[in-house]
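K.L.:
Build me a structure from this.
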Amino acid sequence: MQSVTIKIRFFPNNSIELKSLSNEYIRVINLLTEQAEQAEQAGAFPKLTTKHVAATLPSAVINQAIRDAKSIFKKVKKDRKRPILKKPTYYINNQNYSIRDSSIAFPIIINNIVKKTVFPAVLTERDKKYLQYAKCGLMRIVEKSGKWFAQVSLEVPTEITTGEHVMGVDLGLKFPAVAVTSGGKTGFFGNARENKYRKRKFRSERKVLGKKKKLHAIRRLDNKEQRWMKDRDHKASRQIINFATKNQVSVIHLEKLTNIRKTTRTSRKNEKNLHTWSFYRLSQFIEYKANMAGIKVEYVDPAYTSQKCPSCSALNKATDRKYSCLCGFHTHRDKVGAMNIIHAPVIGGNSRSA
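P.N.:
Here you go, the predicted structure:
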């Protein structure tokens, strides 16, 4: 099973009611955690029911608020301050909401009466596909820039792969990802030139806005850049998994890129890109999409993967983008890294023979 969250946009007739309920939900959680902190039995969350909580919320939602408050209270370590939630939200458990092809329904309070209300909604084909066979979890109601969304957690059964090959994936800046299978197939993913151009453009715009002291505009631009980078990672990871599925890959090897920004040597012109690009996020996207496709992901030791010759194991440094060895082997330097990752030792586990 793989955990997936889908985001459904819906359209309330009166958003003021939802805002009020969202604020009330957060108020109740903060109140319950404060009361638990002040309880005589230190460290124990009191037993509560809806009768003990005075709140303008449906009883099912109050029960969920009690569970959330208990969970937050248990996570607070000793000698640490109790977290105070500020962002309005509204949680409904899977027994109290329903989702249709073009609508969602969940309980709210209208004129002091609890009513399960139907809201028009937009569901993608992907969302509908998941909902056909997935197990639904909590629904979280949030507002973003005046738009309302229902975030639903799902437990999706993973497929069973019948592949026989192992694939190594090398992440970098010149090429966001290079993949090589044990069967000899090679794939280059992502557009490095576009990535660097867009990031230079974002930096230039931030510099202009900074001189004008437009801090709010800078924050909006930062959010725009993060959304763009996340979209690039999603598309690259999807292409990688499609490539793996097409070539009957059952195991993907990724480098364990711990402290990559401290250990990687790069040119001055690439330094800013190195310190702003999320290699971790791309590897996480690859991993969860691989799990959905029934492909196992293993992390390997990255030592010397870009220097070792796949043919004779001698260590050589690449010249520009070319790798050559005295034994006669030569190829693209990033392809060398992916080839060595296939056979690199797995960290914290046993690798499958390639």
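K.L.:
beta partners of residue 90?
P.N.:
In this structure, residue 90 has the following beta-bridge partners (DSSP bridges): residue 141.
K.L.:
Okay, now the unreliable bits of the chain?
P.N.:
Within the chain, the stretches falling below the threshold (pLDDT under 70) are 40-43, 77-79, 160-162, 258-277, 348-354.
K.L.:
domains in it, as residue ranges please.
P.N.:
2-156, 165-343 (automatic domain parsing).
K.L.:
Quick one: the ones you listed as CSV, columns for mean neighbour count too.
P.N.:
Where you see a C-beta, it was placed from the backbone N, CA and C, and this is true even at glycine. Output for those, formatted as CSV (neighbours: other Cβ atoms under 10 Å):
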stretch, mean neighbour count
domain 2-156, 15
domain 165-343, 17
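K.L.:
Residue 138 reaches residue 94, doesn't it?
P.N.:
Yes. When contacts are counted by Cβ atoms under 8 Å, residue 138 is listed as touching residue 94 (6.9 Å).
K.L.:
Can I get stretch 33-51 in CSV, CA atoms only?
P.N.:
C-alpha atoms of stretch 33-51 as CSV (Å, rounded to 0.1, in the frame of the first residue of the first chain):
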residue,chain,number,x,y,z
THR,A,33,-3.9,20.9,24.5
GLU,A,34,-3.7,23.8,26.9
GLN,A,35,-6.1,22.1,29.3
ALA,A,36,-4.1,18.8,29.0
GLU,A,37,-0.9,20.7,29.8
GLN,A,38,-2.5,22.1,33.0
ALA,A,39,-3.9,18.8,34.1
GLU,A,40,-2.8,17.4,37.5
GLN,A,41,-1.5,14.1,35.9
ALA,A,42,1.5,15.4,34.0
GLY,A,43,2.0,13.8,30.6
ALA,A,44,-1.5,12.2,30.5
PHE,A,45,-4.2,13.5,28.1
PRO,A,46,-7.6,13.5,29.9
LYS,A,47,-10.4,11.3,28.7
LEU,A,48,-12.9,13.5,26.8
THR,A,49,-16.1,13.1,24.8
THR,A,50,-18.1,15.6,22.8
LYS,A,51,-20.0,16.3,26.1
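K.L.:
ok now that stretch, how far from the chain's centre?
P.N.:
Counting by Cα atoms, centre = their mean, to the nearest Å, stretch 33-51 is centred 34 Å from the centre of its parent chain.
K.L.:
For residue 321, give me the backbone phi and psi.
P.N.:
Listed backbone geometry of residue 321 is phi -100, psi 10, with angles given as degrees, to the nearest 10.
K.L.:
so what's it closest to, chain neighbours aside?
P.N.:
Once its chain neighbours are removed from consideration, residue 321 has its nearest residue in residue 333; the separation is 5.4 Å (Cβ to Cβ, 6 or more residues apart in numbering).
K.L.:
next one: phi and psi at the one you found?
P.N.:
The phi and psi values for residue 333, taken as degrees, to the nearest 10, are phi -60, psi -40.
K.L.:
Run through the strands of the stretch 101-250 of the chain in chain order.
P.N.:
Secondary structure of the stretch 101-250 of the chain by DSSP state E, counting those that start in this stretch: the strands cover 103-110, 113-122, 135-144, 147-156, 165-171, 177-181, 186-189, 249-255.
K.L.:
Same list, these, but as TSV with distance to residue 10 please.
P.N.:
Formatted as TSV, the strands of the stretch 101-250 of the chain follow (distance: least, Cβ to Cβ, whole Å):
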stretch	distance to residue 10
strand 103-110	5
strand 113-122	4
strand 135-144	9
strand 147-156	6
strand 165-171	37
strand 177-181	35
strand 186-189	35
strand 249-255	36
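K.L.:
tell me the secondary structure for residue 285?
P.N.:
Three-state call for residue 285 (DSSP: H, G, I helix; E, B strand; the rest coil): helix.
K.L.:
I'd like the distance between the closest residue to it other than its chain neighbours and residue 34.
P.N.:
Counting by Cβ to Cβ, 6+ apart, the nearest residue to residue 285 once its immediate chain neighbours are dropped is residue 237, at 3.7 Å. Using Cβ to Cβ, to the nearest Å, residue 237 is found at 42 Å from residue 34.
K.L.:
likewise residue 296?
P.N.:
45 Å.
K.L.:
and what of residue 208?
P.N.:
For residue 208 relative to residue 34 (Cβ to Cβ), the value is 46 Å.
K.L.:
Then residue 69?
P.N.:
Counting by Cβ to Cβ, the gap from residue 69 to residue 34 is 9 Å.
K.L.:
and if you look at residue 204?
P.N.:
In this structure, residue 204 lies at 47 Å from residue 34, with Cβ to Cβ as the measure.
K.L.:
where along this structure do the helices fall?
P.N.:
With DSSP state H as the criterion, the chain has helices at 15-37, 59-75, 125-133, 192-211, 215-246, 260-263, 268-274, 279-292, 333-343.
K.L.:
Can you name the residues that contact residue 341?
P.N.:
When contacts are counted by Cβ atoms under 8 Å, 6 or more residues apart in numbering, residue 341 is found next to 168-170, 253-255, 300, 302, 305.
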